[in-house]
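>>> missing the sequence, but the structure's below:
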Ligand code: G3H
Ligand code: 13P
Ligand code: ZN
């Protein structure tokens with residue numbers, strides 16, 4: 001199929017209360033892994049490239065691989081820009097054929113975040129491109145401020161309502177206590193779940209959970225067994241996905257778990273096969289491990305069979 005409209009994919013996910021996984025991709029193996037698993041699970045998925053992924057792979061290579069993969073399957077596959085920093089980033093991706101873009105002006109003042117997002121919404125209208133924005137601040141909550149002040153960094157439901165009304169965005173990334181990478185929580189892994197409910201009640205649109213990797217013990221154990229150093233790594237517990245989806249999250253972003261799985265499997269491969277040097281062999285081992293993570297997330301997010 002040609003790349004799918006994320007606006008339509010969200011309509012179904014919102015009505016039927018499930019979340020579509022966003023799998024971040026940088027290379028052929030991750031793209032193939034995601035599309036093969038989506039077809040196997042009959043699940044809709046979102047492939048995402050950050051600006052650094054685009055710089056690494058090249059936008060033309062990236063789109064050619066994604067289009068080739070999507071053309072061979074029957075499930076909806078959307079292509080999304082992750083954390084676009086400028087309107088120029090968004091335009092570049094819309095011009096290249098992405099079906100969704102994120103404009104992340106969350107570090108700007110509230111009014112600048114609205115006006116920047118609005119600009120991207122305007123430029124995306126003609127092509128029916130989905131626009132995701134972000135409100136609040138992800139990450140470093142425990143590091144930067146004392147616990148009493150951490151609420152100031154989370155998404156405010158009243159502001160979210162105004163933001164969505166004024167900007168016209170289709171999806172909103174919310175800050176509810178998660179952060180990017182493998183070190184999300186110093187102490188207890190906790191998300192501000194009530195906030196998700198309140199934001200959903202006020203905005204009704206698709207809500208997005210960033211920094212959502214699980215950083216599971218099995219992944220860590222394997223990577224560490226074969227030489228990785230990841231002291232204190234911790235992620236989102238599986239139970240939290242179910243609760244977050246029930247409260248209105250419709251897209252969950254996963255990058256770190258895929259990176260950890262790929263790395264752990266390749267380390268294992270080289271340890272077990274010290275004389276091998278064919279990239280098709282060790283990359284295939286990495287790809288298989290990434291596919292295990294993807295299958296698991298599709299099941300946890302409730303989107304198997306929804307494609
Ligand atoms: O949100 C960040 C994503 O994990 C992408 O990371 O900029 O290293 O590609 P990256
Ligand atoms: P993780 O680092 O938790 O995988 O989050 C990825 C993400 O939010 C990409 O936008
Ligand atoms: Zn993110």
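Cool, the structure landed. None of these values were measured; they are calculated from a predicted model. Numbers count the residues shown, from 1 in each chain. Ligands and ions are numbered 1, 2, ... in the order given.

>>> so what touches stretch 271-284?
29, 226, 227, 266, 269, 270 (Cβ atoms under 8 Å, 6 or more residues apart in numbering). (Each C-beta comes from the backbone N, C-alpha and C, glycine too.)

>>> of all the residues you listed, which two lie farthest apart?
The span of those, defined through Cβ to Cβ, is set by 29 and 227 at 20.9 Å.

>>> so for the two, which sits in the more crowded spot?
Higher neighbour count among residue 29 and residue 227: residue 29, with 19 against 12, using other Cβ atoms under 10 Å.

>>> let me know the secondary structure of the more buried one.
At residue 29 the chain is in helix, as set by DSSP: H, G, I helix; E, B strand; the rest coil.

>>> ok, residue 83 next?
Following three-state DSSP, we place residue 83 in the strand state.

>>> surely it and residue 50 touch.
Yes: using Cβ atoms under 8 Å, residue 83 is in contact with residue 50, at 5.7 Å.

>>> pull up the gap between residue 233 and ligand 2, please.
11 Å (Cβ to the nearest ligand atom, to the nearest Å).

>>> repeat for residue 114
Here the criterion is Cβ to the nearest ligand atom. By it, residue 114 lies 21 Å from ligand 2.

>>> thinking residue 200 is in contact with residue 250, fair?
No: when contacts are counted by Cβ under 8 Å, residue 200 is not listed as touching residue 250 (9.4 Å).

>>> list residues touching both of those two?
Joint contacts of residue 200 and residue 250 (Cβ under 8 Å, 6+ apart) are residue 207.

>>> quick check on these two: which one has the bigger neighbour count.
Shown here are residue 200 and residue 250; by other Cβ under 10 Å, residue 250 has more neighbours (26 against 21).

>>> let me know the pLDDT of whichever residue of the stretch 51-200 of the chain sits closest to ligand 1.
Using Cβ to the nearest ligand atom, the closest approach of the stretch 51-200 of the chain to ligand 1 is made by residue 52 at 3.9 Å. pLDDT for residue 52: 98.

>>> residues near it, how many?
Residue 52: 11 surrounding residues under other Cβ under 10 Å.

>>> could you report the distance from it to residue 10?
For residue 52, the distance to residue 10 (Cβ to Cβ, to the nearest Å) stands at 26 Å.

>>> pLDDT-wise, which helix or strand of this structure ranks last?
Within the chain, no helix or strand scores below helix 141-144, which has a mean of 48 by mean pLDDT, DSSP states H and E.

>>> any low-confidence regions in this structure?
Across the chain, residues meeting the criterion (pLDDT under 70) sit at 139-152.

>>> would you map the strands across it?
Under the criterion DSSP state E, the chain contains strands at 20-24, 45-50, 77-84, 100-103, 130-135, 171-174, 206-209, 249-254.

>>> packing partners for the first one?
The reference is to strand 20-24. Judged by 3 or more Cβ pairs under 8 Å, 6 or more residues apart in numbering; DSSP states H and E, the packing partners of strand 20-24 are helix 6-16, helix 28-41, strand 45-50, strand 77-84, strand 249-254, helix 279-301.

>>> cool, and the longest one?
Taking 3+ Cβ pairs under 8 Å, 6+ apart as contact, the helices and strands that strand 77-84 lies on are helix 6-16, strand 20-24, strand 45-50, helix 51-57, helix 59-71, helix 87-96, strand 100-103, strand 130-135.

>>> as TSV, these with distance to residue 257 would be great.
Formatted as TSV, the helices and strands packed on strand 77-84 follow (distance: least, Cβ to Cβ, whole Å):
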stretch	distance to residue 257
helix 6-16	21
strand 20-24	9
strand 45-50	14
helix 51-57	16
helix 59-71	20
helix 87-96	24
strand 100-103	19
strand 130-135	20
